[in-house]
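Student: mind looking at a prediction? Sequence and model below.
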Amino acid sequence: METETVNSVVPSLVGDQIYTDCIQLVRMDSEVVETCCRATESGRLGREDCVRLLRFDADSDESSLIIDTADRMMRGRNGNTCSIGVQIGVITGPCIADCGFCGFAVSTTRADDYVMPSHVLRQYLEHVTAYDDVESVSLMTIHNFDFDDLMELVDTAVEAVPDHVSICVNTGDVSPEEARELKGAGVRRAYHSLRIDEGDDTRLNPSDRFATIRTLASAGIDVMTCVEPIGPEHTAGEIVDGFLRARDSGCRRCSAGRRVDVPGTRMYGMGEITQRRLEQIRSVLFLSSLHDGFYGGYYGGFDLDYAEYAGSPRDIADYSELNNGNTVEAVRRRLFARGFGTVRCGDGRLVALDEAYLRETGS
Ligand code: SF4
């Protein structure tokens with residue numbers, strides 16, 4: 001491969017690293033190199049490009065190039081800043097959607113019905129916003145939730161956090177009136193997904209999920225979605241089609257998430273994709289949508305990471321923060337370890353993410 005070509009592929013390669021990277025580049029599939037170049041130049045990739053990139057083994061040199069290219073594009077675009085989100089399970093317990101992968105599925109769960117009291121939510125919010133570096137808070141419920149209970153909790157959250165912290169909801173299906181009420185109460189975003197095997201692994205009707213996405217978007221709420229929960233059995237084509245479907249359905253952003261093998265669930269033992277495979281998937285989808293920034297959202301990785309408090313579908317403990325330890329402090333540590341130097345807040349403030357800040361915030 002010509003040196004000129006190598007430099008145009010990976011413009012930021014410098015120093016001693018360049019020799020090793022050049023050797024890798026000449027060994028790998030030239031079409032992948034060309035596709036990565038095309039993505040960085042045009043900001044777009046078609047369905048077949050994505051499927052082809054996803055067929056490479058996650059541990060291959062080709063996959064490394066895809067992941068590195070996406071990482072460099074992301075950091076270049078946002079000045080190496082990152083954001084922190086928080087998810088709080090506010091209404092949890094046996095869920096009639098009975099998703100085969102979820103710790104709340106009614107046929108397998110041992111969880112009890114729980115509605116978080118407002119004063120408990122306030123305590124969580126005081127803790128996670130104590131250093132005013134959290135960009136958004138998502139209130140999560142199971143599918144069968146009481147709308148009045150949710151509204152009370154939304155009101156509590158809107159009142160408790162600074163105005164620049166976006167309040168999001170992650171709920172079961174809602175009606176147009178309910179969506180308008182949520183918007184009126186101050187909800188800015190909603191997470192809602194049409195799952196990759198909706199209707200097979202879940203007891204929900206895909207068209208109801210799709211209708212709720214439309215309903216929320218029509219009410220003026222930004223809908224974030226995700227191609228999830230991806231397991232080892234899902235093909236490259238299924239993953240890419242899920243991403244393209246999300247774009248057509250009116251969602252604002254779409255990410256990719258893997259299925260977690262939760263003990264006791266119906267699908268326990270079906271396995272998980274590796275973190276590396278997930279990075280590859282996220283990178284391909286990110287590169288395919290550079291032109292409009294469609295890839296992203298809560299569960300998207302890259303520059304946005306999130307903490308989990310109280311009940312979580314991916315955890316059988318009542319208080320996920322005590323089990324998984326995925327706290328806001330852990331998120332700061334993770335983002336710092338990934339090399340981000342600044343936290344981007346909802347009001348545009350930039351907070352230096354360094355060792356002193358980790359100490360100051362007890363992270
Ligand atoms: S993933 Fe959500 S909708 Fe499905 S069972 Fe769990 S809480 Fe209910």
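Tutor: Done, it's in. Numbering: from 1, shown residues only.

Student: residues touching P313, list them.
Tutor: Contact analysis of P313 by Cβ atoms under 8 Å, 6 or more residues apart in numbering lists C99, F101, C102, G103, F104, V262. Placement of C-beta: from N, CA and C, glycine included.

Student: need those in TSV with neighbour count, can you?
Tutor: TSV is the format used below for the contacts of P313 (neighbours: other Cβ atoms under 10 Å):
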residue	neighbour count
C99	26
F101	23
C102	26
G103	25
F104	25
V262	22
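
Student: in three-state terms, label A256 for me.
Tutor: Recorded secondary structure, A256: strand (DSSP: H, G, I helix; E, B strand; the rest coil).

Student: pLDDT wise, what is it at?
Tutor: In this prediction, A256 carries a pLDDT score of 97.

Student: surely it and E238 touch.
Tutor: No - A256 is not in contact with E238 according to Cβ atoms under 8 Å; the separation is 11.6 Å.

Student: buried ones in the longest helix along the chain, by neighbour count?
Tutor: When the chain is parsed with DSSP state H, its longest helix is helix 61-78. Applying a neighbour-count criterion of 16 or more other Cβ atoms under 10 Å, one finds 61-71, 73-75, 78 buried in helix 61-78.

Student: what about H291, neighbour count?
Tutor: Look at H291: counted by other Cβ atoms under 10 Å, it has 11 neighbours.

Student: for I316, which non-adjacent residue is spatially closest?
Tutor: Closest residue in space to I316, ignoring its immediate chain neighbours: G103 at 4.8 Å, by Cβ to Cβ, 6 or more residues apart in numbering.

Student: quick check: phi and psi on that neighbour?
Tutor: Dihedral pair for G103: phi -70, psi -10, per degrees, to the nearest 10.

Student: average pLDDT for the longest helix of the chain?
Tutor: On average, helix 61-78 scores 95.

Student: for whichever helix or strand comes after that helix, what is the distance to the chain centroid?
Tutor: Sequence-wise, the next helix or strand downstream of helix 61-78 (DSSP states H and E) is strand 81-92. With Cα atoms, centre = their mean, to the nearest Å as the basis, strand 81-92 stands 10 Å off its chain's centre.

Student: what's around D261, how many residues?
Tutor: Residues near D261, counting by other Cβ under 10 Å, number 15.

Student: ok, G184 next?
Tutor: Neighbour count of G184, defined by other Cβ under 10 Å: 11.

Student: leaving out the residues flanking it, which one is nearest to V227?
Tutor: Among residues not flanking V227 along the chain, G242 sits closest, at 3.8 Å (Cβ to Cβ, 6+ apart).

Student: ramachandran angles for the one you found?
Tutor: Residue torsions, per degrees, to the nearest 10, at G242 are phi -60, psi -40.

Student: so which of the contacts of P313 also contact the ligand?
Tutor: C99, C102, F104 (Cβ under 6 Å from any ligand atom).

Student: contacts only, for H234.
Tutor: So, once contact is read as Cβ under 8 Å, 6+ apart, H234 ends up touching I196.
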